[in-house]
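sequence first, then the predicted structure:
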Amino acid sequence: MILKSPTKLAIEPPKNYLLTKPKFSTGKGPVNLLIIILLIITFIFGVLFGLANSQALLSYFFSNQGGKVINLEEAYKYKQVNFNELFEIWDLIKKNYLKKDQITENQLFYGAVAGSVASLGDPYSIFLTPEQAKEFNQELEGSFEGIGAEIGIKNNVLTVISALPGSPAEKAGLRSKDQILTIDNQQTMEMSVDYAVSLIRGKSGTTVNLLVRRQGENELLKFSIERAKIEIASVKWRMIENNIAYLEITDFNQDTSKKFKQAVNDILLNNPKGIILDLRYNPGGYLETAIDLASYWVKEGIIVKEDYGDPVKNNEYTALGNAKLNNYKTVILINSGSASAAEIVAGALQDYQLATLVGEKTFGKGTIQDLTQLSDGSEIKLTIARWLTPKGKSIEEDGITPDVEVNLTKEDYDNDRDPQLDKAIEILNEQ
């Protein structure tokens, strides 16, 4: 994912693989109002009837703009749309739906907006309710609410990969390789990681109960862990064999540039033989951060291009002149989970032949989204352009092909083997 800070561009992949340029407008005024209504109108028919090309739309919405009530039917007569049908649909739901007492006007409204965006058929154009937008932005800021445990599927069982230092998970005693059997009494067998994460995360001060099987223990262990605000460590590094610096970037968040700068300064004190930059499973983040990090290797020239299909709008971002790592042999680890901002960095260094890419083909997230914050705190991300590598290559859908292809199999993962990292070390030792 790549996102722009309030004045920057961003990108983000499937989980959130999006390239976005947030404008954070207020959503007030006739132009923004009409845009929002158009989105609402387009969607509702698709949601309720499931017909992508239908002409039926919401018939009548009211919006209070400075005390003035606007009749959208009158405002959009020139669109030649039968708004009455949409009003009839809405009315039928409120009168006849079995669980009508559980449905609110906001649900119908947000559903209409979400569906209008979804009707575009673009996985990166999405609508976020105020609650979803808040959670999304918190993660971009480098924090979330939960217990601070990284989890995955190992040997077909939901397993703790690691507990973050100082997190509720670590303090409660969760360990790497602990197998989570239930979450609040829900069986985890065949449960997806994403769904498990959604169950474990929650508001600070609330509690989640886990039933765990630990290797070497005869009895199952029960953990009741109070959730808290978790700070994400997006930059991790350590010195490994033969004085090689291993630098892992998990996200391109708001604080990643600052943490990366400190990590680089510390690494340089060790006079490393070479550098391994691990971008595997990195979904992206802020474009600004991607440009900043790539500039530690690229002395001058283009880092990434924006292609709007219009020469007047097209844009280029160049190196920032801080190439402290330009003379260090570098290997970048990539896989199918490397997307957006991660692909921008990998693509730039590959184009300039400043790094050897090892691993598997990347995700292929090469479009740009515009992020607009509305007056009620909801947000709309809309695809408006694509991005290109310095040599003008689009990686959309195709991804970036590594210079040295090395697969990481499930058997490798289950047995804690990392042939991709081993290959990176081998390459640096040869050089």
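Looks like it came in fine.

helices of the stretch 101-250 of the chain, start to end?
105-118, 130-140, 168-172, 193-200 (DSSP state H, counting those that start in this stretch).

nearest to G285, of those?
Smallest distance to G285 across the helices of the stretch 101-250 of the chain (C-beta to C-beta): 6.5 Å, for helix 130-140. (C-beta placed from N, C-alpha, C; glycine too.)

from the contact counts, what lies against that closest one?
strand 143-146 (3 or more C-beta pairs under 8 Å, 6 or more residues apart in numbering; DSSP states H and E).

one step back: now render the helices of the stretch 101-250 of the chain as TSV, adding mean neighbour count and distance to D412.
Listed next are the helices of the stretch 101-250 of the chain as TSV, based on neighbours: other C-beta atoms under 10 Å; distance: least, C-beta to C-beta, whole Å:
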stretch	mean neighbour count	distance to D412
helix 105-118	19	37
helix 130-140	16	29
helix 168-172	19	25
helix 193-200	14	18
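
where among those helices is the average confidence lowest?
Among those, helix 130-140 carries the lowest mean pLDDT, at a mean of 82.

helix 105-118 and that helix, what's the angle between them?
For helix 130-140 against helix 105-118, the angle by axes from the mean of the first three to the mean of the last three C-alpha atoms, to 10 degrees is 60 degrees.

that older thread, Q254 is nearest to which of the helices of the stretch 101-250 of the chain?
Using C-beta to C-beta, the nearest of the helices of the stretch 101-250 of the chain to Q254 is helix 130-140, at 6.3 Å.

contacts for that closest one?
Residues outside helix 130-140 that contact it (C-beta atoms under 8 Å, 6 or more residues apart in numbering) are 3, 16, 128, 144-145, 232, 251, 253-254, 285-286, 373, 376-379.

can you pull out the helices in the stretch 251-400 of the chain?
256-268, 287-294, 341-351.

ranking the ones you listed by burial, who's on top?
Most buried of the helices of the stretch 251-400 of the chain, by mean neighbour count (mean count of other C-beta atoms under 10 Å): helix 341-351, with a mean of 29.

for the biggest strand by length in the chain, what is the distance to the chain centroid?
When the chain is parsed with DSSP state E, its longest strand is strand 379-388. Distance of strand 379-388 from its chain centroid, counting by C-alpha atoms, centre = their mean, to the nearest Å, is 14 Å.

what packs against that strand?
strand 19-20, helix 105-118, strand 126-128, strand 302-307, strand 367-373.

could you dump the helices of the stretch 101-250 of the chain to CSV with distance to K423?
What follows is those, written out as CSV (distance: least, C-beta to C-beta, whole Å):
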stretch, distance to K423
helix 105-118, 41
helix 130-140, 31
helix 168-172, 32
helix 193-200, 26
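
which one of the ones you listed lies nearest to K391?
helix 130-140 (29.0 Å).

now the closest one: how far from the chain's centre is it?
Once both centres are worked out by C-alpha atoms, centre = their mean, helix 130-140 turns out to sit 11 Å from its chain's centre.

which pLDDT value goes with the nearest residue to V298 once chain neighbours are set aside?
Nearest residue to V298, sequence neighbours excluded (C-beta to C-beta, 6 or more residues apart in numbering): A319, at 4.4 Å. We have a pLDDT of 97 for A319.
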